[in-house]
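1. here's a sequence, model it:
(2 chains)
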Amino acid sequence: MPELPQAHNQTQLRAAEGQPAHEESILAERHPTLLNAYPIVLEACRGRFTAEQRATGFGRRLTIAAERAERGELSPATQATLRWVDVNTIASWIMMATLVVLVRLGTRRMKAVPGRFQSIWEWTYQTLEGFARNMMGDELGRRSAPLLGTFFLYILLLNLGGIIPGLVSPTAALNTTIALALCCFLAVQYYGFRSQGLRYLLHFVGEPWWLFPINVPIHVLGELARPLSLSVRLFGNIFGEDTVIAQLVALGVIAIGGRGLVLPVPVQFPMLLFGIFGSFVQALVFTMLAASYLSGAVVTHGQEAGEH
Amino acid sequence: MDYAVALALAVGLGVPIAVVFASTAQGRATVAAVEGIARQPEAAANIRASLLLGLALIESLVIYCLLMFILLMGRLPPILEYVQRSGGR
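-> Just a heads-up that it's a prediction; the model follows:
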């Protein structure tokens, strides 16, 4: 294997020069996926073209844009857009659109005797509501089932995105998971204030009230640690899983490839199955923790003594 | 010990140490839950829910270590630069 160490050296040399290789082509190296079509389409829509090129139609412009993107010559407008919105956001938009379309398909013409799609969604809703009721009691469960169900379905779809070829998991980036955890955090505060009013603040003071100089900082810190742990847990799990899949894909190519012959072996397949399982579990864990935080914020004072 | 050597050791050993203890803890939690289910199969749903919650909380500590691993790994000097600077030793 004469090529392998050499390629290794080149990578190290490039790293030693301190030359970030992916700053020139914004997406091409980091995400060799179907989503690379995005800058090309963007360039085709907004790039600089001569009047003649613009007159020859979108297909011709697309070809020119693909050539330009390959050379890394994107127009300033496209680059600004790419800096503003990255691949993860696009992937999560795709997932949102999928979810909306599927829900619309199921609930468009609802009948008393449900069709195929409608019964799938009815079963999903029943399951999610049953889960929420189980965790938080009947009344609160029914009220917060939409929020928790949205958390579950959305996170599940985002997690599964990494398994679909051509997409990335948006939850493998910290910005998505932090946004989700902040939603949960704000919902907890909102439900707490709504159910107990200003008495909600009393739970920061704690049980013997004269210990409040110690209790208040501890409780505030604990409250702030929740979104941190929620977001980092989701991010770490999905990022780790996707990284393992990517490494295994690379391994499968290297094991056989060489001298121009590239025969990829799907060694990542078991990890893909585990990825499906892990996506489900992580979505469930996020929903479960959100449910327990919510029910902790909404407890009435009579139950609170037994809760802590 | 050189700074880079210490950093490399910390990067390499941090996650494994966390994994050893976390896997022990997860194993104990699972054993307890399975025993509980075997004794009282009717409480299986509740036990499973709290087991999942506990496993997630244990696991998140390892994930924090993984995060630190990722953060620290970016600080390691490139191998070639390090070898050249230390005179090929």
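
2. now do the contacts for the residue in the stretch 201-308 of chain A positioned nearest to chain B.
-> Relative to chain B, the nearest point of the stretch 201-308 of chain A is A:G236 (3.3 Å; CB to the nearest CB). No exception for glycine: its C-beta is placed from N, CA and C like everyone else's. If a contact means CB atoms under 8 Å, 6 or more residues apart in numbering or on different chains, then A:G236 has B:60, B:63-64, B:66-67 as its contacts.

3. taking those residues one by one, which sit in helices?
-> Members of the contacts of A:G236 lying in helices (criterion: DSSP state H): B:60, B:63-64, B:66-67.

4. make sure the residue of the stretch 201-308 of chain A closest to chain B is indeed in a helix.
-> Yes - counting by DSSP: H, G, I helix; E, B strand; the rest coil, A:G236 is part of a helix.

5. so what's it closest to, chain neighbours aside?
-> B:I63 (3.3 Å; CB to CB, 6 or more residues apart in numbering or on different chains).

6. from memory the one you found sits against A:S231, does it?
-> No - the criterion here is CB atoms under 8 Å, and B:I63 misses it with A:S231 at 10.6 Å.

7. after the host helix or strand of A:A91, next one along is what?
-> Per DSSP states H and E, A:A91 falls inside helix A:87-107. As assigned by DSSP H and E, the chain's next helix or strand after helix A:87-107 is helix A:116-136.

8. quick one: that next one to helix A:87-107, angle?
-> Going by axes from the mean of the first three to the mean of the last three CA atoms, to 10 degrees, helix A:116-136 is angled at 110 degrees with respect to helix A:87-107.

9. tell me the buried residues in helix A:116-136?
-> Within helix A:116-136, the residues scored as buried using 16 or more other CB atoms under 10 Å in any protein chain shown are A:118, A:121, A:128-129, A:131-133, A:135-136.

10. same list, the residues you listed, but as TSV with pLDDT please.
-> Converted to TSV, the buried residues of helix A:116-136 look like this (pLDDT from 0 to 100):
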residue	pLDDT
A:Q118	86
A:W121	90
A:L128	92
A:E129	92
A:F131	89
A:A132	90
A:R133	90
A:M135	83
A:M136	85
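
11. which ones among those also lie next to chain B?
-> Restricting the buried residues of helix A:116-136 to those adjacent to chain B (criterion: CB under 8 Å from any CB of the partner chain) gives A:M135.

12. who are the contact partners of the residue nearest the centre of chain A?
-> Note on chain A: the residue nearest the mean C-alpha position is A:T171, at 2.4 Å, using CA atoms, centre = their mean. Contacts for A:T171 (CB under 8 Å, 6+ apart) come out as A:155, A:158-159, A:161, A:177, A:180, A:234-235, A:238, A:282.

13. hang on, B:S23 is in a strand, isn't it?
-> No - under three-state DSSP, B:S23 sits outside any strand and is assigned helix.

14. in chain B, which residue sits nearest chain A?
-> Counting by CB to the nearest CB, chain B gets nearest chain A through B:I63, at 3.3 Å.

15. that residue: neighbour count?
-> B:I63: 22 surrounding residues under other CB atoms under 10 Å in any protein chain shown.

16. what pLDDT does it get?
-> pLDDT for B:I63: 82.

17. next one: A:L182
-> Reported pLDDT for A:L182: 95.

18. helix/strand/coil for it?
-> The local conformation at A:L182, judged by three-state DSSP, is helix.

19. how about it, what does it touch?
-> By CB under 8 Å, 6+ apart, the neighbours of A:L182 are A:P227.

20. how about 10 Å then?
-> A:227, A:230-231 (CB atoms under 10 Å, 6 or more residues apart in numbering or on different chains).

21. and A:R104, by the same measure?
-> A:R104 touches A:F117, counting by CB under 10 Å, 6+ apart.

22. can you tell me how far it is from A:F117?
-> To A:F117, A:R104 is 10 Å away according to CB to CB, to the nearest Å.

23. A:G106 now?
-> Counting by CB to CB, the gap from A:G106 to A:F117 is 4 Å.

24. could you do A:I64 as well?
-> Distance from A:I64 to A:F117, counting by CB to CB: 42 Å.

25. buried sites along stretch A:186-196?
-> A:187-188, A:191-192, A:195-196.

26. just those residues: which are in helices?
-> A:187-188, A:191-192, A:195-196.

27. which one of the residues you listed is nearest chain B?
-> Nearest to chain B among these, with distances taken as CB to the nearest CB, is A:V188, at 16.2 Å.

28. chain B contacts on the stretch 51-200 of chain A?
-> A:131, A:134-135, A:174 (CB under 10 Å from any CB of the partner chain).

29. now the two most distant members of those.
-> Maximum pairwise distance among those (CB to CB): 31.0 Å, between A:N134 and A:L174.

30. please report phi then psi for A:R108.
-> The phi and psi values for A:R108, taken as degrees, to the nearest 10, are phi -70, psi -60.

31. which non-adjacent residue is nearest A:L272?
-> For A:L272, the closest residue by CB to CB, 6+ apart turns out to be A:I163, at 5.6 Å.

32. now stretch A:51-59 - C-alpha only, CSV.
-> Output of stretch A:51-59 as CSV, limited to C-alpha atoms (Å, rounded to 0.1, in the frame of the first residue of the first chain):
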residue,chain,number,x,y,z
ALA,A,51,-28.0,38.6,-20.9
GLU,A,52,-27.4,35.8,-23.4
GLN,A,53,-27.0,33.2,-20.7
ARG,A,54,-30.0,34.5,-18.9
ALA,A,55,-32.1,34.2,-22.1
THR,A,56,-31.2,30.5,-22.7
GLY,A,57,-33.3,29.3,-19.8
PHE,A,58,-32.9,27.8,-16.4
GLY,A,59,-31.4,24.5,-17.4
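
33. chain center to that stretch, what's the gap?
-> Relative to its parent chain, stretch A:51-59 has a centroid offset of 37 Å by CA atoms, centre = their mean, to the nearest Å.

34. avg pLDDT for that stretch?
-> 76.

35. would you mind listing what in chain B touches chain A?
-> B:45-46, B:49-50, B:52-53, B:55-57, B:59-67, B:69-70, B:77-84.

36. buried ones in stretch B:31-50, by neighbour count?
-> Neighbour-count burial for stretch B:31-50 flags B:33, B:36-37, B:47, B:49 (criterion: 16+ other CB under 10 Å).
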